[in-house]
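Any chance you can model this:
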Amino acid sequence: MGLAPFVWLTKPAEALNKFRVNLPGAILIHGPRGSGTFELANAFARSLLCSSPIEGAPCGECPECKLLEAGNHPDFKLLLSEAEEAIHPLPWQKEEKTVTAKKSLSRQISIEQIRSLSEFVSTSSRRGGRKVVLIYPADTMMADQSSALLKTLEEPPAGVIFLLVSDNLDSMLPTIRSRCQIVRVTPPTPEQGCAFLKAKNVEHPEEMLAKFGGMPLLYFEEDVKLKIDEKKEEILLDLLAKGKNLDSRMIIELTASDFPLLPFLTLMQRCCVDLILMREGLNARYFLRRKEQIKSASTALDLRKMYGFVDELAQNKRHAQIALNARLIEQDLLMKYKNCFVN
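Okay, the predicted model is just below:
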């Protein structure tokens, strides 16, 4: 597969390899979370510093690759949020950071991290070649971080390549996007996703791929702010399947347990999509094992209200990282969900 870490990344990997002839100062790689954007960007960054790349991929044997593996390459700058460091542990880290439901690590690139780039980009290459900066997730940068980075991108130092990785292109500052060559990563086909999960010995690969929206890498997500415990997930799905029979007592009892807001919203979105699809006489997309329950609940669905509710879920999801009281939001949304059914 050459540069591509996974078979479905062959086309974006080819797009990146074409840049080798005349490398731009900045490349923005974007695609849905779980589609392999970071893995592709990391492989490309290493290949740019490798002295003997093989079919566009880092050889893993040259002095440059050895330095990268040890975390000692002076011409590589990797900026990950605290949460991403926990998800993508680096080989040279002595202590891995952990994310807990009670105290989460930051999902944002900090202003201090962006400011630390000044010295790195202003000095000459220590190894006599390129210098590479990899930033993920670039879409979490606030106004101050984006403005500080923009100043560097407006006058990129010679020989420095910026690789920005984004899960949400719309959250990127337009002026930053305009200064980057953009490479889009698309999800794998169902066949590719199932084959990947099967090779990883995942049970019921078709169901798992559907459950995670066609993004096989999300199955291995470890951040509890992005993934609900399986037992809790089943309890929540049981509750949502009640549809019009859902009552306030059930909602209060459910939300007495801590549910991380972002995956809660994602699960509700997917359940609502399945309800709409089955109400329209189509097949469920996400929760295949529950299609009979969903079909039964969908018979009392008010489609107009549900479409409006799905829009509200999307709005809440955009602001989930700064929500002050997740439990109250979840209770309110569950009550509104109940009102999408005809009694």
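
any idea which helix or strand carries the most centrally placed residue in the chain?
For the chain, the residue nearest the mean C-alpha position is Arg33 (2.5 Å; C-alpha atoms, centre = their mean). Under the criterion of DSSP states H and E, Arg33 resides outside all helices and strands.

shouldn't it be in contact with Pro216?
No - look at Arg33 against Pro216 with C-beta atoms under 8 Å: they stay out of range, at 11.8 Å. The way it works is simple: take the backbone N, C-alpha and C, and place the C-beta from them, glycine included.

And for Asn343, the neighbour number?
7 (other C-beta atoms under 10 Å).

let me fix that: Ile329
Ile329 is surrounded by 18 other residues when neighbours are defined as other C-beta under 10 Å.

Settle this for me: it is touching Leu261, isn't it.
Yes - using C-beta under 8 Å as the test, Ile329 is close enough to Leu261 to be in contact (6.4 Å).

Setting aside sequence neighbours, what's the nearest residue to Gly159?
Arg130 (5.5 Å; C-beta to C-beta, 6 or more residues apart in numbering).

Contacts only, for Ala158.
The neighbours of Ala158, taking C-beta atoms under 8 Å, 6 or more residues apart in numbering as the test, come to nothing; the list is empty.

change the start of the numbering to 580 and stick with it
Done: numbering now begins at 580, and the last item shifts to Ala737.

Quick check on Ile714: phi, psi?
Phi and psi for Ile714, reported as degrees, to the nearest 10, are phi -120, psi 120.

so what's it bridging to?
According to DSSP bridges, Leu658, Leu743 are recorded as the beta-bridge partners of Ile714.

Before we move on, what's the pLDDT of it?
We have a pLDDT of 96 for Ile714.

and Phe617, how far is that from Glu634?
Per C-beta to C-beta, to the nearest Å, Phe617 is found 21 Å from Glu634.

and these two? which has more neighbours close in?
The residue with more neighbours, out of Phe617 and Glu634 and counting by other C-beta under 10 Å, is Phe617; that gives 24 against 11.

And the more buried one, how far from Val744?
Distance, Phe617 to Val744, using C-beta to C-beta: 5 Å.

Overlap of the contact sets of these two?
Common neighbours of Phe617 and Val744 are listed as Tyr715 (criterion: C-beta under 8 Å, 6+ apart).

Regarding the residue nearest to Ser689 when sequence neighbours are not counted, what is its secondary structure?
In this structure, Ser689 finds its nearest non-sequential neighbour in Gln724, 7.2 Å apart by C-beta to C-beta, 6+ apart. Look at Gln724: counting by DSSP: H, G, I helix; E, B strand; the rest coil, its state is helix.

which residues touch Gln724?
Taking C-beta under 8 Å, 6+ apart, we find Gln724 in contact with 687-690, 692-693.

Redo those residues as JSON lines? Include pLDDT.
Supplementary listing: these in JSON lines, determined by pLDDT from 0 to 100:
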{"residue": "Gln687", "pLDDT": "84"}
{"residue": "Ile688", "pLDDT": "90"}
{"residue": "Ser689", "pLDDT": "89"}
{"residue": "Ile690", "pLDDT": "89"}
{"residue": "Gln692", "pLDDT": "91"}
{"residue": "Ile693", "pLDDT": "91"}
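
how far does the lengthiest helix in the chain sit from the chain's center?
Identified as the longest helix of the chain according to DSSP state H is helix 840-858. Per C-alpha atoms, centre = their mean, to the nearest Å, the displacement of helix 840-858 from the mean C-alpha position of its chain is 18 Å.

on contacts alone, who are the packing partners of the helix or strand following that helix?
Helices and strands here follow DSSP H and E; after helix 840-858, the next one along the chain is helix 870-877. Contact partners of helix 870-877 among helices and strands, from 3 or more C-beta pairs under 8 Å, 6 or more residues apart in numbering; DSSP states H and E: helix 840-858.

Which elements pack onto the helix it packs on?
Using 3+ C-beta pairs under 8 Å, 6+ apart, helix 840-858 sits against helix 809-819, helix 870-877, helix 882-897, helix 905-917.

Report the next helix or strand after the lowest-mean-pLDDT helix or strand in the chain in sequence order.
Within the chain, no helix or strand scores below helix 661-666, which has a mean of 80 by mean pLDDT, DSSP states H and E. Reading on from helix 661-666 to the C-terminus, the next helix or strand found by DSSP H and E is helix 690-694.

Other residues contacting that next one?
Contacting residues not belonging to helix 690-694 are listed as 658, 720-721, 723-724, 727-728 [C-beta under 8 Å, 6+ apart].

mind running it again at 10 Å?
Contacts to helix 690-694, defined as C-beta atoms under 10 Å, 6 or more residues apart in numbering, come from residues 656, 658-660, 714, 720-731.

after it, next one along is what?
As assigned by DSSP H and E, the chain's next helix or strand after helix 690-694 is helix 696-701.

What is that next one packed up against?
Using 3 or more C-beta pairs under 10 Å, 6 or more residues apart in numbering; DSSP states H and E as the contact criterion, the secondary-structure elements in contact with helix 696-701 are strand 655-659, strand 710-715, helix 722-733, strand 739-745.
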